[in-house]
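>>> the following block contains a protein sequence and its predicted model.
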Amino acid sequence: MDDLESVPSTTPSVSLEDAIIKAETLLNGKFNEWPASLEFVAQEDGSLALTHVVQIQNDETGAWFEAFIEAHSG
């Protein structure tokens, strides 16, 4: 990779706590306390995004979701 500027910082700007709140709100559910992780995700434009990965259970349906919350913009 020639352009290292396209790799985001590995230090999140958004806290894990804020990412969990965002995921719970968006998915109408609760964080299940499964250990969260930080992962890079390839986006459609080929760039990378650092994400907080958390599991959320929807309050109404009981469905489980794995949420990827962008760790720099939320």
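Good, I have the coordinates.
>>> output the below-cut-off pLDDT ranges for the protein.
1-5 (pLDDT under 70).
>>> repeat the analysis, applying 80 as the threshold.
1-6 (pLDDT under 80).
>>> mind listing what's buried in the longest strand along it?
Determined from DSSP state E, the single longest strand within the chain is strand 48-58. Judged by neighbour count using 16 or more other Cβ atoms under 10 Å, the buried positions of strand 48-58 are 49-57. To be clear about C-beta, it is placed using only N, CA and C from the backbone, and glycine gets the same treatment.
>>> measure the closest residue to residue 53 other than its chain neighbours to residue 44 for me?
In space, and not counting its chain neighbours, residue 53 is closest to residue 37: 4.8 Å by Cβ to Cβ, 6 or more residues apart in numbering. Residue 37 sits 22 Å away from residue 44, going by Cβ to Cβ, to the nearest Å.
>>> in terms of neighbours, single out the busier of the two.
residue 37 (10 against 5; other Cβ atoms under 10 Å).
>>> phi, psi for the more buried one please.
Dihedral pair for residue 37: phi -140, psi 170, per degrees, to the nearest 10.
>>> distance check, it against residue 68.
From residue 37 to residue 68 the distance is 10 Å (Cβ to Cβ).
>>> equivalent analysis for residue 12, please.
In terms of Cβ to Cβ, residue 12 sits 13 Å off from residue 68.
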